[in-house]
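> Predicted structure and sequence below. I'll ask about it afterward.
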Amino acid sequence: MIHRIRHLLLFLAVFWVGVSGALAAEEPEPVILTATAEGKNMNEVMLALHGAVVGHNYSFVRQQAIDSRLVPYGQEVRSVRLFYFCNMASMDRALRLDPRAAQMIPYRVTLVETPTGVDMMAVNPAWIAQGLGNPVLQADAVELKRDYLSILDEATL
Amino acid sequence: MRRAALPLAILLAVLPAPPAWAEPLVASKTASMQQAIEDITLAAANHDMVLVKDQPIDAALKKRGFGDPHVRILFIGSETAVRWAEAADPRLLNLLPLRLTLVARDEQLTVMTDDFEPWLREFTEEPARRLLKAWQVELREVLDDFAWQ
């Protein structure tokens, strides 16, 4: 009996050291992914983003001003817009893995128009997943992050 | 049994501390999804916030042949939050409007916020930090209000 308990404890120790070590060894992820479309206006970047997300097998969901429904339509800020997109299969998988994955859903890019172009920002899904501590979700989130980076990059061209 | 306790003690002494996995703010009660949405809308209004968007991902997934995740996302916000974020640190705009995730399980409806703790670890400077804390407090109050209704 004692032998069995010892074996169980040893197994637990190895498992725990493995999981903790793997998580500790992860590269720290940046919170925000960014890109700048120099010399472009908001509409041009929106259009480019639309093409980029569709090209990466995502669907456009909607776009809105940052203060949409918070102020009358005519008074909405024109320089900050939210661009939402999704992929039903990856959303379904993420939510089945962990309902807290909703923190990444729907996928989103925040656009800020500046005098020289448009800055794009997205919360890094790999950073969110690191905080959730779910290794299975982490792998999907890293893949999603790669797509975000490609999409942002394409939208700057 | 005492012999087994020794390796356990050694094990506990040498094991690394578990990673600091923060948890989002949470409130639960017995309610349907629709009732919960109405209650949250009211709770948000009590705290000068409005429901900006009901994102019916449960219905959207079902419509496309996926299983019902029994998850719905709501976005609530206020103009003040937007203006403060613009002034404090535009990166905080990524958190707005504030997200609430509704999860239905066995007649129990759980509402979760985004997890603010990792954000607080990243944003150590004022006024961004103060703003994050203020949103955390506001959301806690909205969730408490929701739970008490």
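Done, it's in.

> Please make it C-alpha for all contacts and neighbour counts, starting now.
Fine.

> List phi and psi for the residue nearest the centre of chain B.
Nearest to the geometric centre of chain B sits residue B:113, at 1.0 Å (CA atoms, centre = their mean). Backbone geometry at residue B:113, expressed as degrees, to the nearest 10, gives phi -90, psi 170.

> Tally up the residues packed near the spatially closest residue to it that is not a sequence neighbour, please.
Of all residues not flanking residue B:113 in the chain, residue B:100 sits nearest, at 4.8 Å (CA to CA, 6 or more residues apart in numbering or on different chains). Residues lying near residue B:100 (other CA atoms under 10 Å in any protein chain shown) number 24.

> What separation is there between residue A:49 and chain B?
From residue A:49 over to chain B the distance is 17 Å, taken as CA to the nearest CA, to the nearest Å.

> tell me the secondary structure for residue B:62?
Following DSSP: H, G, I helix; E, B strand; the rest coil, the label given to residue B:62 is helix.

> So it versus residue A:105, what's the distance?
Taking CA to CA, to the nearest Å as the measure, residue B:62 falls 16 Å from residue A:105.

> And residue B:122, by the same measure?
For residue B:122 relative to residue A:105 (CA to CA), the value is 21 Å.

> Those two: which is more packed in?
Shown here are residue B:122 and residue A:105; by other CA under 10 Å, residue A:105 has more neighbours (21 against 11).

> List the residues that contact the more buried one.
Each residue near residue A:105 by CA atoms under 8 Å, 6 or more residues apart in numbering or on different chains is listed here: A:86, A:91.

> What count of nearby residues applies to residue 138?
Answering for chain A, as no chain was given. Neighbour count of residue A:138, defined by other CA under 10 Å: 20.

> actually it's chain B I care about, not the one you picked
By other CA under 10 Å, neighbour count at residue B:138 equals 16.

> got the phi/psi numbers for the residue nearest to residue B:113?
Here is the backbone geometry of residue B:100 (degrees, to the nearest 10): phi -130, psi 130.

> Per-residue pLDDT of it, please?
What the model reports as pLDDT for residue B:100 is 98.

> okay but it is in contact with residue B:75, surely?
Yes - counting by CA atoms under 8 Å, residue B:100 does reach residue B:75; the two are 6.2 Å apart.

> buried ones in the lengthiest helix in chain B?
Ranked by residue count under DSSP state H, the longest helix found in chain B is helix B:128-148. For helix B:128-148, burial by neighbour count (16 or more other CA atoms under 10 Å in any protein chain shown) applies to B:128-129, B:131-132, B:136, B:138-143, B:145-147.
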